[in-house]
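J.: coords please:
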Amino acid sequence: MFDHEEIDINCYSFEELFKVPSAPGIYAWYLMPSLSVADLNGSKDYSSFTEAIYSYMKAHHHPELNVGIKSNFMADWSEKIEEKSHLDWKDKIRDIPNKNSIFEEEKNKPVFLELFKSSIPYLSSPLYIGTSDDLNKRISEHRSELNTFHKIRTNNFKAISELEERDVNNFARRVIKRKIHPRNLILWTASINSSSSYNDKIAESIEWILNRCHSPKLGVR
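T.: This next block holds a predicted model:
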């Protein structure tokens, strides 16, 4: 009989990633909105709020697609195409239903923030879903790469174009390219505590299903 205590579900901030267990399992990265009550104050156009929401929404827009057409005599066309709807989102955010009437009442502002942030991850999309036979080791690799690429973008502006062109096909590169600050990421893990030799295979199978159901915006498989 299966013991439900053999599965651990945990959430970690970026600063807490060292606590991830050294066990097989699956994991998912989510983005928390960088938003505070101060962003809901100020001018009537709520420019800080608009920027914060736009940044959050833009991080979830569809990735580039590689499109190719092949014809006879080995003719071959290929191109990258980008979904463009996010370019209009900033204007659309100003039309969020009831925004002005809600924020006119001070008591509504913390409720808005708490409801928004509490919806993650339960009512939001993951940015990335992965698996490992040693979650602590894999997440440590993610953390190191995120810190490295973030420092490149922050401290060496000449290296930004190099970072964007570098052929490093990994989660960290895609995070930084979308100008997501690592500290705004949260991690959820589901680890297996039993001693079965099939645990890593079980986790890999579930990761395969979840990726194809949810199509995480920063996933590649």
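
J.: Tell me which helix or strand in this structure has the weakest average pLDDT.
T.: helix 160-165 (a mean of 56; mean pLDDT, DSSP states H and E).

J.: Give me the residues contacting whichever helix or strand comes after it.
T.: Next in sequence after helix 160-165, counting helices and strands by DSSP states H and E, comes helix 171-177. Under the criterion Cβ atoms under 8 Å, 6 or more residues apart in numbering, residues 29, 63, 127-128, 130, 142, 145-146, 148-150, 152-153, 163-164, 166, 182, 185, 218 lie in contact with helix 171-177. Where C-beta positions appear, they are placed from N, C-alpha and C, glycine not excepted.

J.: Buried subset of those, written for PyMOL?
T.: The buried residues among the contacts of helix 171-177 can be selected in PyMOL (16 or more other Cβ atoms under 10 Å) with this line:
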select buried, resi 29+63+127+128+130+142+145+146+149+150+152+153+163+182+185+218
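
J.: Tell me where the model's unsure across the protein.
T.: For the chain, applying pLDDT under 70 flags the ranges 1-5, 42-44, 156-169, 221.

J.: where do the helices sit along the chain?
T.: Assigned by DSSP state H, the chain shows helices spanning 47-58, 89-93, 99-103, 108-118, 135-155, 160-165, 171-177, 199-214.

J.: Any chance you could spot the residue sitting in the middle of this protein?
T.: Most central in the chain under Cα atoms, centre = their mean is Leu127, positioned 3.1 Å from the mean C-alpha point.

J.: What residues does it make contact with?
T.: Here Leu127 is in contact with Ala28, Trp29, Tyr30, Leu31, Ala59, His60, Val175, Leu185, Pro216, Lys217, Leu218, Gly219 (Cβ under 8 Å, 6+ apart).

J.: If we use 7 Å, what do you get?
T.: Trp29, Tyr30, Leu31, Pro216, Lys217, Leu218 (Cβ atoms under 7 Å, 6 or more residues apart in numbering).

J.: repeat for Ser78
T.: With Cβ under 7 Å, 6+ apart, Ser78 has these contacts: Asn66, Val67, Gly68.

J.: how far away is it from Leu65?
T.: Distance of Ser78 to Leu65, computed by Cβ to Cβ, to the nearest Å: 11 Å.

J.: And Thr154, by the same measure?
T.: Thr154 sits 29 Å away from Leu65, going by Cβ to Cβ.

J.: Ok, Glu145 next?
T.: On the measure of Cβ to Cβ, Glu145 and Leu65 end up 24 Å apart.

J.: Report the separation between Asn98 and Ile53.
T.: Distance from Asn98 to Ile53, by Cβ to Cβ: 14 Å.

J.: Comparing those two, which residue is more hemmed in?
T.: Counted by other Cβ atoms under 10 Å, Asn98 and Ile53 do not tie: Ile53 has more neighbours, with 23 against 8.

J.: What residue, apart from its backbone neighbours, is nearest the more buried one spatially?
T.: Ile93 (5.1 Å; Cβ to Cβ, 6 or more residues apart in numbering).
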